[in-house]
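In: Need a 3D model of the sequence below.
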Amino acid sequence: MIYWYQENLKPRFDTAAKAMVVASAFSIPMSTAMMSISTGLLLLFWLLSGNFGEKFRTIGQSSISLWALGLFLLLAIGLTYTSAEASAAFDTFGKYKKLLFVPIIISLLLSEKWRRAAIYGFALGMTIILLISCLRYFSLLEPRNDPSQAYTVFKSRIAHGIFMAFYFYLMVQLAIHNKTWRWIFSILAALACFNLLFVNNGRSGYVVFACLLFLLFYQKFNWKGLFSAGGALTILVALAFFTSTDFRDRITESVSDVQSHVPGEYNHVSGIRYRIEYYLTTIKVMKKSPLIGHGTGSLATEYKIIADEEGLRTTDNPHNEFMMITAQLGVIGLFLLCGLLYSHWRSSSRLDKEYRHIQYGLLVTMISGCMLNSLLLDSGEGKFYVIIMALILSVPMSKEQKITNV
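Out: A predicted model of the protein is given here:
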């Protein structure tokens, strides 16, 4: 019976697990329920496929897996000394369990066929979202009830903008490396740019898009390309500013908020004003316990103490992943988070040019996005990062091409 299971069912479960990686990639921009089902089945099939000795050896040889496990382990240790209530601490801890999908996907050792299918799966999901969003913008489909999120589909305008910025970058990369379908990818990249700047009003997406545009020009023209990127970005921003009311209002509002910010004054609700206040107050939280932080899930508790003293608005999320981790786990946690990102960069440098450039784009998306949001904490954005990053790196070391230049 055991022999029959090993010979017949384990290979099928392994194939099913790989298929769920593709399904999970497709589900990233879709509903939370679809993502939960696909990642849940991925975990189930991974467990049923067995071969744990080989899987653990693969994980042990993967630096990115070890960094992800190290950060997750430190979050678990943070539960033992947290200043938060147990329910809040475990709730925050649960939001970081997505880190476990890094070693899980890495251990599957996806072939080129599966990796390519997963990337195109994500691209297909984003293409569907792009088309629905544009149809809503042109009143061919009913917009959402919330005016600020009218043209998004399943995600918030923040997540929509971040995903769309990376999708634009991905379409450009696919156009560069795929001559047969270049015109299709180029059209989709143009539509994504239009959607990002003229349809969606999430400012995080604007920032990520700008960073990715500089990366694209640097990859093509080296340092000289940065000047070209600046010129292209200036033209795009000017065009959007003078033709898109939403874009102009969001930029004007941002400048006004920075200039007129007064801590504790909430007559005008604004993400920029809140972020400035969150950052300054979270720094005070970090200074109280710089080495090990206040424990997993402690940000809300420690933040409230300072906010009540100074008459500020309370929060459980500073909208900056680096601050979020440091407040909870101190500089040790920040070291592990930066180590994860550094390992991502180092591991990506060994891939072939197309995959390497896609990974660099994902890394820039993550770093720039984490400066304005807690992306690893957030459900959709965090899974987006760990799934795309891990599936591309899920390849035997012997097959990697050690290329270090961008």
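In: per-residue pLDDT, residue 199?
Out: Among the per-residue scores, residue 199 holds a pLDDT of 84.
In: Test my guess that it contacts residue 133.
Out: Yes - contact criterion Cβ atoms under 8 Å: residue 199 and residue 133 qualify, at 5.9 Å. C-beta: built from backbone N, CA, C; applies to glycine.
In: List of residues touching stretch 274-287?
Out: Residues outside stretch 274-287 that contact it (Cβ atoms under 8 Å, 6 or more residues apart in numbering) are 257-258, 261, 263-264, 293-294, 299, 302-303, 306-307, 310, 312-313, 315, 317-320, 323-324, 326-327, 330, 372.
In: ok so, going back, what residues are shared contacts of residue 199 and residue 133?
Out: Listed as contacting both residue 199 and residue 133 by Cβ under 8 Å, 6+ apart are residue 151.
In: re earlier: in PyMOL, select just the buried ones from the contacts of stretch 274-287.
Out: A single PyMOL command is used to select the members of the contacts of stretch 274-287 judged buried by 16 or more other Cβ atoms under 10 Å:
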select buried, resi 257+261+293+294+299+302+303+306+307+312+313+315+317+318+319+320+323+324+326+327+330+372
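In: Show only the entries of the contacts of stretch 274-287 found in strands.
Out: In strands, defined here by DSSP state E, there are no members of the contacts of stretch 274-287.
In: so what are the domain limits for this structure?
Out: Domain segmentation of the chain under automatic domain parsing yields 1-50, 64-399.
In: Any idea which of those gets closest to residue 56?
Out: Proximity to residue 56 (Cβ to Cβ) singles out domain 64-399 among these, at 7.6 Å.
In: Please give the number of neighbouring residues around residue 29.
Out: Using other Cβ atoms under 10 Å, residue 29 has 27 other residues around it.
In: so what's it up against?
Out: Residue 29 makes contact with 122, 125-126, 128-129, 153-155, 160, 163, 380, according to Cβ under 8 Å, 6+ apart.
In: Provide the count of other residues in contact range of residue 48.
Out: The number of residues packed near residue 48 is 15, by other Cβ under 10 Å.
In: Residue 334 too?
Out: 21.
In: ok, it touching residue 325?
Out: Yes - here residue 334 reaches residue 325: they are 5.8 Å apart, a contact under Cβ under 8 Å.
In: Overlap of the contact sets of these two?
Out: With the criterion set as Cβ under 8 Å, 6+ apart, the contacts of residue 334 and residue 325 do not overlap.
In: Among the contacts of stretch 274-287, which are located in helices?
Out: Among those, the residues falling in helices (DSSP state H) are 257-258, 299, 302-303, 306-307, 310, 323-324, 326-327, 330.
In: So what does residue 142 look like in phi/psi?
Out: Here is the backbone geometry of residue 142 (degrees, to the nearest 10): phi -70, psi 130.
In: just use 485 as the starting number from now, easier for me
Out: Taking 485 as the first residue, the last one we looked at is residue 626.
In: Residue 652 versus the closest residue to it other than its chain neighbours, what's the distance?
Out: Spatially, and ignoring its direct neighbours in sequence, residue 626 is nearest to residue 620 (7.2 Å; Cβ to Cβ, 6 or more residues apart in numbering). Using Cβ to Cβ, to the nearest Å, residue 620 is found at 19 Å from residue 652.
In: What is the burial count for the closest residue to residue 638 other than its chain neighbours?
Out: Leaving aside its sequence neighbours, residue 638 sits nearest to residue 515 (Cβ to Cβ, 6+ apart; 5.0 Å). Residue 515 has 13 neighbouring residues, counting by other Cβ under 10 Å.
In: same thing with residue 772?
Out: Per other Cβ under 10 Å, the neighbour tally for residue 772 reads 12.
In: Could you tell me the phi and psi values at it?
Out: Residue 772 adopts backbone torsions of phi -70, psi -30, taken as degrees, to the nearest 10.
In: Quickly find the element holding residue 780.
Out: Taking DSSP states H and E as the definition, one finds residue 780 inside no helix or strand.
In: quick one on the thing from earlier: with distance to residue 836, secondary structure and neighbour count as added columns, please give the contacts of residue 513 in a markdown table.
Out: Converted to a markdown table, the contacts of residue 513 look like this (distance: Cβ to Cβ, whole Å; DSSP: H, G, I helix; E, B strand; the rest coil; neighbours: other Cβ atoms under 10 Å):
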| residue | distance to residue 836 | secondary structure | neighbour count |
| --- | --- | --- | --- |
| 606 | 19 | helix | 24 |
| 609 | 24 | helix | 21 |
| 610 | 23 | helix | 24 |
| 612 | 28 | helix | 14 |
| 613 | 28 | helix | 22 |
| 637 | 33 | coil | 18 |
| 638 | 33 | coil | 19 |
| 639 | 31 | coil | 25 |
| 644 | 30 | helix | 29 |
| 647 | 25 | helix | 28 |
| 864 | 29 | helix | 23 |
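In: Deepest-packed of the domains of the chain, please.
Out: domain 548-883 (a mean of 19; mean count of other Cβ atoms under 10 Å).
In: And the ones in helices among the contacts of stretch 758-771, which is closest to residue 574?
Out: Nearest to residue 574 among the ones in helices among the contacts of stretch 758-771: residue 783, at 14.5 Å, using Cβ to Cβ.
In: these two touch, right, the closest one and residue 810?
Out: No - between residue 783 and residue 810 there is no contact under Cβ under 8 Å: 9.8 Å.
In: okay, and for the protein, where does confidence drop off?
Out: The chain contains residues with pLDDT under 70 at 485-492, 705-756, 880-890.
In: cutoff 50 now
Out: Within the chain, the segments meeting pLDDT under 50 span 751-753, 882-890.
In: Packing partners of the helix or strand containing residue 866?
Out: Under the criterion of DSSP H and E, residue 866 resides in helix 863-877. When contacts are defined as 3 or more Cβ pairs under 8 Å, 6 or more residues apart in numbering; DSSP states H and E, helix 863-877 packs onto helix 494-511, helix 516-532, helix 547-562, helix 585-591, helix 596-621, helix 641-661, helix 805-832, helix 837-854.
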